[in-house]
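Enquirer: Structure here, sequence nowhere to be found:
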């Protein structure tokens, strides 16, 4: 039996209902075949499945509009929620569709994150910058204090959008040494499932065959694609996508 590992997510406010945390927990139970601790950092402690361990949101470290996505930097502090060892962070709006043990077996002891995606047209003349997407990343709880410390020491720079356009850009920097997940393991619903216009009006979204996790960054959300999604522009339209029920009931 493999040693226990940690799964951690964030949930506050009204953007994502309790259902998102519960679906994530049930998917982890289905697709992770080793003992695990499931921690949700939240502003509430009820409404979640038994097995979801809620811990309170840390105090504001002195940044506006707290809590916000910079919580992802604070959870790397040694001793946070008494976490120890391999810890996999998930955004609550991801969809797990295959076994995820490999996310702990890959490059053990290292920081690993998604290599952030670019629209195809932006990759024609240049490579994607070395910036991570923090929807799925792994760190070693108990020995990652330097990530949190970098954020606390450089908060003004972290919030400066001219230096770091997103929190995940700063997280990539703060990790110092980091590696990318294999490209086919984690796919973007927006980039790799949605059809380009005008095919999006003719065909439903596709399912990347070798993917293990689908990331729903921005819109649509997982709950919006089963019956179809109109969006605000014609290329945002998604036909009803029945296969989502297999992974996100």
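Expert: Nice, I can see it. These numbers come from a predicted model, not from an experiment.
Enquirer: the longest strand in this protein is where?
Expert: Ranked by residue count, the top strand of the chain under DSSP state E comes out as strand 132-141.
Enquirer: Listing partners with orientation, what would you give for it?
Expert: Sheet pairing for strand 132-141, assigned by DSSP bridges, gives strand 85-90 (antiparallel), strand 112-115 (antiparallel).
Enquirer: which residues are in contact with the first one?
Expert: It stands for strand 85-90. For strand 85-90, contacts defined as CB atoms under 8 Å, 6 or more residues apart in numbering pick out 3-9, 24, 28, 72, 75, 100, 103-104, 108-109, 134-142. (C-beta placed from N, C-alpha, C; glycine too.)
Enquirer: Only the buried subset of the residues you listed, as a ChimeraX command please.
Expert: Per 16 or more other CB atoms under 10 Å, the buried members of the contacts of strand 85-90 correspond to this ChimeraX selection:
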select :5,6,7,8,9,24,28,72,75,100,103,104,134,135,136,137,138,139,140,141,142
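Enquirer: tell me the mean pLDDT over the longest strand of the chain?
Expert: The average pLDDT within strand 132-141 is 97.
Enquirer: roughly how far is that strand from the heart of the chain?
Expert: 8 Å (CA atoms, centre = their mean, to the nearest Å).
Enquirer: for the helix or strand just after that strand, which positions count as buried?
Expert: From strand 132-141 onward toward the C-terminus, using DSSP states H and E, the following helix or strand is helix 145-153. Across helix 145-153, burial judged by 16+ other CB under 10 Å covers 147-148, 150-151.
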